[in-house]
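Asker: sequence unavailable; structure follows:
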């Protein structure tokens with residue numbers, strides 16, 4: 001399954017049924033799970049950990065050295081989960097001493113020319129459209145969709161089930177279940193279509209909308225709004241997730 005024009009280091013751990021195209025370079029200290037397909041001209045460098053049944057398209061570079069002046073050559077990894085698709089010319093850098101790993105989860109789609117910088121963590125089922133640029137130590141939770149050309153500032157946290165408008169400059173945290181867009185990036189409503197596609201009931205969506213009315217339409221600051229939400233709205237998984245996200249935000253959340 002390995003093309004004769006591919007260069008694979010003898011110490012690389014390649015599972016059965018992995019397809020390796022021409023002009024692929026695979027370095028030492030690399031692990032690739034069974035069923036993965038690697039197209040031509042892919043470079044997989046030391047520290048890559050690639051799961052099962054992934055597809056990596058031409059020109060991608062996985063586990064490149066971090067673009068961080070604090071990096072001193074320490075051991076670190078870049079992890080790609082199972083069933084993830086990496087499109088053309090994507091770059092995923094490995095971690096630094098800060099976290100030691102960069103992670104792209106299971107069932108993700110990372111479209112052409114995206115960059116995932118050191119120590120960032122993408123959850124499962126994340127979709128990033130073309131040319132999204134993710135800076136270092138960013139967290140993007142499960143089922144989020146990032147529109148093409150978005151720029152994600154370092155240390156930013158994007159919650160689960162979020163939809164980010166293409167071309168956005170994201171420099172604040174984006175809480176779960178919302179759509180974010182405009183300039184500067186701000187709250188643009190609930191990601192209703194995405195939530196329905198993923199099985200959220202109308203009752204759950206209504207509860208989420210009510211929570212965000214307190215946060216973005218009441219005129220209260222975040223601390224007062226969170227206190228009111230906990231006092232007046234019944235406890236549920238979504239309420240607690242939103243409250244904990246906003247309360248734990250280090251960069252501050254987007255405005256309404």
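Answerer: Structure received. Just so we're clear, the structure is a prediction, and the values are computed from it rather than from any experiment.
Asker: can you give me the helices in the stretch 151-256 of the chain?
Answerer: Using DSSP state H, counting those that start in this stretch, the helices assigned to the stretch 151-256 of the chain run over residues 192-197, 202-217, 222-232, 237-248.
Asker: okay if I get those as TSV plus distance to residue 165 and mean neighbour count?
Answerer: For glycine as for every other residue, the C-beta is placed from the backbone atoms N, C-alpha and C. Output for the helices of the stretch 151-256 of the chain, formatted as TSV (distance: least, C-beta to C-beta, whole Å; neighbours: other C-beta atoms under 10 Å):
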stretch	distance to residue 165	mean neighbour count
helix 192-197	13	14
helix 202-217	17	16
helix 222-232	22	14
helix 237-248	20	16
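Asker: and those as CSV, adding distance to residue 101 and mean pLDDT?
Answerer: What follows is those, written out as CSV (distance: least, C-beta to C-beta, whole Å; pLDDT from 0 to 100):
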stretch, distance to residue 101, mean pLDDT
helix 192-197, 28, 96
helix 202-217, 32, 96
helix 222-232, 31, 95
helix 237-248, 21, 96
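Asker: adding distance to residue 79, write those out as a markdown table.
Answerer: Converted to a markdown table, these look like this (distance: least, C-beta to C-beta, whole Å):
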| stretch | distance to residue 79 |
| --- | --- |
| helix 192-197 | 25 |
| helix 202-217 | 31 |
| helix 222-232 | 34 |
| helix 237-248 | 24 |
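Asker: and residue 14, which of those is closest to it?
Answerer: Residue 14 lies closest, by C-beta to C-beta, to one member of the helices of the stretch 151-256 of the chain: helix 192-197, at 36.0 Å.
Asker: distance from that closest one to the middle of the chain?
Answerer: Offset of helix 192-197 from its chain centre (C-alpha atoms, centre = their mean, to the nearest Å): 19 Å.
Asker: one more: stretch 233-252?
Answerer: The answer for stretch 233-252 is 20 Å, by C-alpha atoms, centre = their mean.
Asker: start to end distance for that stretch?
Answerer: 23 Å (C-alpha to C-alpha, to the nearest Å).
Asker: can you list contacts of that stretch?
Answerer: 153, 155-157, 159-160, 171-173, 175-177, 204, 207-208, 210-212, 214-215, 222, 226, 229-230, 253 (C-beta atoms under 8 Å, 6 or more residues apart in numbering).
Asker: from what I see, residue 148 and residue 132 are in contact.
Answerer: Yes - the pair residue 148 and residue 132 qualifies as a contact (C-beta atoms under 8 Å) at a distance of 6.8 Å.
Asker: for residue 150, what are its contacts?
Answerer: Per C-beta under 8 Å, 6+ apart, neighbours of residue 150: 129, 132-133, 164-170.
Asker: name the spans of the protein whose pLDDT lies under the cut-off.
Answerer: For the chain, applying pLDDT under 70 flags no range at all.
Asker: list the contacts for the residue nearest the centre of it?
Answerer: Centroid-nearest residue in the chain, with C-alpha atoms, centre = their mean: residue 122, separated by 2.9 Å. With contacts defined as C-beta under 8 Å, 6+ apart, the neighbours of residue 122 are 103-105, 108, 116, 128, 134, 140.
Asker: how near is it to residue 6?
Answerer: The spacing between residue 122 and residue 6, counted by C-beta to C-beta, to the nearest Å, is 27 Å.
Asker: repeat for residue 194
Answerer: Distance of residue 194 to residue 6, given as C-beta to C-beta: 39 Å.
Asker: same check on residue 236?
Answerer: Distance, residue 236 to residue 6, by C-beta to C-beta: 52 Å.
Asker: higher neighbour count, these two?
Answerer: More crowded of residue 236 and residue 6, by other C-beta atoms under 10 Å: residue 6, with 17 against 14.
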